[in-house]
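> Take this sequence and fold it.
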Amino acid sequence: MREFQILNPLGERLEGERKARRNWNLGGVGILTFTVIMALVMSPLFWIGGGVIFFTLIFMDLSSRKAAEVYRKGLEGEEALKGKLKEILSDKYVALYNFPLEKGGGDIDCLLVGPGGVILLDAKNYGGDILCDHRGRWTQTVVGRGGRVHRWDIQSPSDQMRRAVFEIKDLFRKHGMDLWIEGIIVFTNPETRVVTRKMRHLRVLRLGDIGKFFEERRDFLSEKASDKLLTCLLGSIKAGERVS
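Modelled structure (predicted):
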């Protein structure tokens, strides 16, 4: 399988959080040192200012660590998907990772072009129980310490995927090409329990089911047609966005 890494948004955000924490730590040490000196030399009131700064830095660090953990898990999911695709797909397929989307921003984790057509895959590395009810509402439930159950709404992966599918279809139509595009939401955490309603035009699969999906998929796209689609996709990428 040939691969192109177009963007790396989660990696960039994770590195940004790491740099921010390093800067906060260095700046915090300097400010606290100055505050201690001023409190000893000038006025004890500087201790109050030092305390405010200290707790502010702790809060900022905890918030940054929480954000970094979300990005790290997202990257783990994307890497798991990449590894699986490399394992099962031949060189007839081309993978465009983190392909940019213009409408609403963001990107699609993997855009595949090959004998089985154009396939969009979005990796979700969620834990706990994931439910999509008949109204299309997605929720995540996890059991915390002491058996306490936590449940909250999550942004709809199906809505995200539909927007991506429509945008790629529109791109092809502008170039005189109209074809079916498959959208697949892939849950990469093997311990996650996923319960969803039947979705129109979309699939929800576990990472371990990807191989079976491609085994059963009928090849219908010629190499010439695949190259034409790939040229259209790569030509749509703005200057400076393509990484490798």
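
> ok, now which ones touch Asp91?
Met1, Arg2 (Cβ atoms under 8 Å, 6 or more residues apart in numbering). (C-beta placed from N, C-alpha, C; glycine too.)

> can you give me phi and psi for it?
Dihedral pair for Asp91: phi -70, psi 0, per degrees, to the nearest 10.

> swap in Thr231?
Per degrees, to the nearest 10, the backbone of Thr231 is at phi -60, psi -40.

> Based on its surroundings, how many neighbours for it?
If you count neighbours by other Cβ atoms under 10 Å, Thr231 ends up with 11.

> Tell me the confidence at it?
As predicted, Thr231 sits at a pLDDT of 92.

> so where is this structure shaky, pLDDT-wise?
Scanning the chain for pLDDT under 70 picks out 9-32, 34-55, 57-65, 67-68, 104-105, 238-244.

> quick one: the strands in it?
Along the chain, counting by DSSP state E, strands occupy 2-5, 94-100, 107-114, 117-124, 129-132, 138-143, 149-153, 181-187, 193-196, 202-206.

> Just put those in CSV and tack on mean neighbour count.
Formatted as CSV, those follow (neighbours: other Cβ atoms under 10 Å):
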stretch, mean neighbour count
strand 2-5, 15
strand 94-100, 22
strand 107-114, 22
strand 117-124, 22
strand 129-132, 19
strand 138-143, 15
strand 149-153, 10
strand 181-187, 22
strand 193-196, 14
strand 202-206, 17
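
> Distance to Leu75 added to the ones you listed, as TSV?
TSV is the format used below for the strands of the chain (distance: least, Cβ to Cβ, whole Å):
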stretch	distance to Leu75
strand 2-5	13
strand 94-100	11
strand 107-114	11
strand 117-124	10
strand 129-132	19
strand 138-143	19
strand 149-153	22
strand 181-187	15
strand 193-196	20
strand 202-206	19
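
> Any idea which of the ones you listed gets closest to Phe220?
strand 117-124 (6.5 Å; Cβ to Cβ).

> coming back round to it: nearest to Ile237, out of the strands of the chain?
Of the strands of the chain, nearest to Ile237 by Cβ to Cβ is strand 94-100, at 6.6 Å.

> Which one of the strands of the chain lies nearest to Val165?
It's strand 181-187; of the strands of the chain, that one is closest to Val165 (Cβ to Cβ) at 4.5 Å.

> ok, and what's touching the closest one?
With Cβ under 8 Å, 6+ apart as the test, strand 181-187 has contacts from 81, 116-126, 130, 157-158, 161-162, 164-165, 168-169, 194, 201-207, 210, 213.

> next one: stretch 202-209
Contact partners of stretch 202-209, identified using Cβ under 8 Å, 6+ apart, comprise 80-81, 84, 132, 158, 161-162, 165, 182-188, 190, 194, 196, 213.

> give me that answer again for 6 Å
Ala80, Lys84, Ser158, Met161, Gly183, Ile184, Ile185, Val186, Phe187, Thr188, Thr196 (Cβ atoms under 6 Å, 6 or more residues apart in numbering).

> Likewise for stretch 106-123?
Against stretch 106-123 from outside (Cβ under 6 Å, 6+ apart): 7, 77-78, 81, 92-101, 161, 164, 181-186, 188, 217, 219, 221, 226, 229-230.
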